[in-house]
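S.K.: got a sequence here, can you build the structure:
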Amino acid sequence: MTDPGQTAEEQIARLKLQEAELSRRIVEIQLRKEKVILWTAVMGLIAIATTTAWATATKAVTALGKGRPIPLIDNPPLAFFLHGIQATIIFFFVRKHRQWLRRIATALQEKAPDAPIAKKTLSQFTLGWEYMWYGWLVLYTWFTIAALIAPLGASAWVESVSDILDIVSGFGIWWCYLSLDVRSVNVPADLTRDRPFWRAVAILAAAAIGCIALSVTDRVFHIGYFGIVLVGIFNALGIASFTGRLGSHYIDTPRWALSLLYFYAMLQIFYSLLPLLNTKLWIPAVYICALLLKVVLAFVGLNMMRNGGLIRYLEAAESGLLDVRALDNAKWAAVTKAAAGASPLSG
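M.R.: Below you'll find the predicted structure:
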């Protein structure tokens with residue numbers, strides 16, 4: 001109801017505030033829905049992988065603890081130190097980025113209250129970004145535990161769990177990439193707009209399950225590192241794809257940081273091949289590099305949150321600038337004309 005004592009301008013302002021609050025609540029509901037879907041998928045992956053690991057382990061119990069050297073238990077004190085440090089630093093990054101992502105959500109609401117695509121995309125990206133770092137936190141906490149129990153002897157199931165957690169955390173990287181790369185959210189005017197995103201998520205979930213099943217089989221039956229290498233390839237492709245999105249000029253990521261992140265993608269393969277290398281030299285080198293490169297990724301994330309790059313990218317998505325195929329000649333001419341008029345070189 002309207003207040004007869006209010007002017008038309010006051011009533012319009014109040015209605016806009018109510019509309020903004022309603023939009024915020026819709027985004028929150030959508031985010032909760034996506035969280036339920038994502039965690040259901042993750043739990044499903046873990047359940048399937050655990051079942052696979054248990055079934056194969058019971059058939060090959062005599063194979064446990066035999067065969068190839070296992071990277072996680074080579075030099076346990078050093079492994080415990082390196083993994084513990086990584087878990088601690090990752091926990092710090094999680095807390096810091098959560099604060100900045102909340103600030104961006106507030107700033108976007110104030111700057112563009114009528115931008116449903118940008119706000120929902122930010123919520124979806126936030127879900128993947130936090131999940132990625134929490135996944136790494138769980139992974140390196142597990143690595144730390146594995147180093148503690150290493151004196152009990154080598155165990156294929158320990159390595160199998162590490163592969164499962166590695167794939168699960170890698171799924172978060174893919175989620176971040178897809179959130180920024182494809183039409184990942186719907187709007188009332190186009191309820192099927194997010195269909196490409198969910199189709200890609202389903203394909204990646206199937207690929208993740210396949211990688212988990214093959215890696216666990218490889219750990220137990222030693223099928224030539226095929227499944228183990230697939231874990232590294234899954235994560236390497238995810239990091240490389242995500243780095244490509246971070247290279248957008250809207251985000252304005254430093255070029256040197258992009259080069260290091262592509263190197264981080266290459267490093268994923270080395271983890272899979274550690275048993276074939278001189279573990280005493282390669283294990284500390286690989287894990288120290290992984291720590292330093294996570295710091296680079298954290299810097300890139302914080303940089304795009306603080307310099308306005310992420311908001312610029314979301315505004316470009318809202319205005320349709322990222323969907324080049326939908327820009328006909330007339331729209332593209334208008335965009336280039338507006339850009340030329342805003343350029344300091346014009347006039």
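
S.K.: please count neighbours and contacts with C-alpha atoms only from this point.
M.R.: Fine.

S.K.: need the contact list for residue 215.
M.R.: Taking CA atoms under 8 Å, 6 or more residues apart in numbering as the criterion, residue 215 is in contact with 160, 163, 225-231.

S.K.: which element is it on?
M.R.: helix 195-221 (DSSP states H and E).

S.K.: residue 122: which of the contacts of residue 215 is nearest?
M.R.: residue 231 (28.2 Å; CA to CA).

S.K.: for the closest one, give me its contacts.
M.R.: 163, 166-167, 211-212, 215, 272.

S.K.: same deal with residue 212?
M.R.: Counted by CA under 8 Å, 6+ apart, residue 212 has contacts 49, 163-164, 167, 227, 231.

S.K.: counting only strands, which of those make the cut?
M.R.: Members of the contacts of residue 212 lying in strands (criterion: DSSP state E): none.

S.K.: who wins for neighbours among these?
M.R.: residue 167 (28 neighbours; other CA atoms under 10 Å).

S.K.: my guess is that one meets residue 235, correct?
M.R.: Yes. Residue 167 is in contact with residue 235 according to CA atoms under 8 Å; the separation is 7.0 Å.

S.K.: where do the helices of the stretch 1-150 of the chain begin and end?
M.R.: 8-59, 76-111, 116-148 (DSSP state H, counting those that start in this stretch).

S.K.: and those, which one averages the lowest pLDDT?
M.R.: The stretch with the lowest mean pLDDT among those is helix 8-59, at a mean of 59.

S.K.: my guess is residue 185 is in a strand, correct?
M.R.: No. Using DSSP: H, G, I helix; E, B strand; the rest coil, the secondary structure at residue 185 is coil, not a strand.

S.K.: skipping its backbone neighbours, what lies nearest it in space?
M.R.: Closest residue in space to residue 185, ignoring its immediate chain neighbours: residue 194 at 4.5 Å, by CA to CA, 6 or more residues apart in numbering.

S.K.: show me what counts as buried in stretch 144-152.
M.R.: Using 16 or more other CA atoms under 10 Å as the test for burial, stretch 144-152 gives 144-147, 150.

S.K.: got these as a markdown table, with distance to residue 257 columns?
M.R.: What follows is these, written out as a markdown table (distance: CA to CA, whole Å):
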| residue | distance to residue 257 |
| --- | --- |
| 144 | 28 |
| 145 | 31 |
| 146 | 31 |
| 147 | 31 |
| 150 | 35 |
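
S.K.: quick one: which of these is nearest residue 253?
M.R.: Distances from residue 253 to those, taken by CA to CA, are shortest for residue 144, at 32.3 Å.

S.K.: just checking, that closest one touches residue 85?
M.R.: No. Between residue 144 and residue 85 there is no contact under CA under 8 Å: 9.3 Å.
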